[in-house]
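Participant: predicted coordinates and the sequence they were generated for:
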Amino acid sequence: MRKIYHLILIKVIILLLVFGFSHISWAAFYAQGGVGAGIDSDRNISVALGYQLDFLVKPRAEIEYLYTRAHYDGNKADMNSVLVNGYLTIPFIPLLDPYVGAGIGHARLNHDDSTMAQGIIGLEYDFTLFPLAVGAEYRYLKLFSETHASKKFDDNIFLIKARYSF
């Protein structure tokens, strides 16, 4: 009887080693894109390149370009920004990954250069057969203008995005 349990245990370990852990990688580069709208903006387009570690909270870091068509100073204006973002994923539901993040960078709005910061919260669905994840996220953007202190800009943005790991 004991030999049967040992054989079953050995077979389960072999199956886990061959099939169960074959999809796990310790780290992965990824490309990400997203589109959305905000309360003070008509259009938001995000493109990012990043790196994710495969630890418990799946930390990742990325460099992002964010285009925003903003309502600023009574007019519509283009805002181009480059940010460095960091994320932590909270994996408590299989295939569904909630995450939080923050970013800081440089923005140009109406020919004014500014420092920009953002807070991020979202939810991703991770496909098991493909290295693809799709999700939705909320961002709070804040612009810190050095030139026009009276003209502050902040926005609440909602994005739909896709992330491909390679």
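Facilitator: Thanks, I have the structure now.
Participant: so in terms of bridging, what pairs with residue 101?
Facilitator: residue 87, residue 120 (DSSP bridges).
Participant: for it, list the residues it contacts.
Facilitator: The neighbours of residue 101, taking CB atoms under 8 Å, 6 or more residues apart in numbering as the test, are 85-88, 119-122. To be clear about C-beta, it is placed using only N, CA and C from the backbone, and glycine gets the same treatment.
Participant: okay if I get these as CSV plus pLDDT and distance to residue 152?
Facilitator: Below are those laid out as CSV (pLDDT from 0 to 100; distance: CB to CB, whole Å):
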residue, pLDDT, distance to residue 152
85, 96, 22
86, 96, 24
87, 96, 26
88, 94, 28
119, 98, 16
120, 98, 20
121, 98, 22
122, 97, 25
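Participant: would you list those residues in CSV and tack on neighbour count and distance to residue 154?
Facilitator: Listed next are those as CSV, based on neighbours: other CB atoms under 10 Å; distance: CB to CB, whole Å:
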residue, neighbour count, distance to residue 154
85, 22, 17
86, 15, 20
87, 22, 21
88, 15, 23
119, 13, 11
120, 19, 14
121, 12, 16
122, 20, 19
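Participant: out of these, which is nearest to residue 72?
Facilitator: Each of those was checked against residue 72 using CB to CB; the closest is residue 119, at 20.2 Å.
Participant: now the helices for the protein?
Facilitator: 2-15 (DSSP state H).
Participant: in it, where is pLDDT below threshold?
Facilitator: Along the chain, segments meeting pLDDT under 70 span 1-9, 11-27, 146-151.
Participant: give me phi/psi at the closest residue to residue 56 other than its chain neighbours?
Facilitator: Among residues not flanking residue 56 along the chain, residue 91 sits closest, at 7.3 Å (CB to CB, 6 or more residues apart in numbering). Dihedral angles phi and psi of residue 91 (degrees, to the nearest 10) take the values phi -90, psi 90.
Participant: and the residue nearest the centre of the protein?
Facilitator: Taking CA atoms, centre = their mean as the criterion, residue 87 is the residue nearest the geometric centre of the chain, at 6.6 Å.
Participant: hmm, that one is touching residue 59, no?
Facilitator: Yes - with the criterion set as CB atoms under 8 Å, residue 87 and residue 59 qualify as a contacting pair; they are 6.9 Å apart.
Participant: quick one: contacts for residue 85?
Facilitator: 48, 50, 61-64, 101-103, 118, 120.
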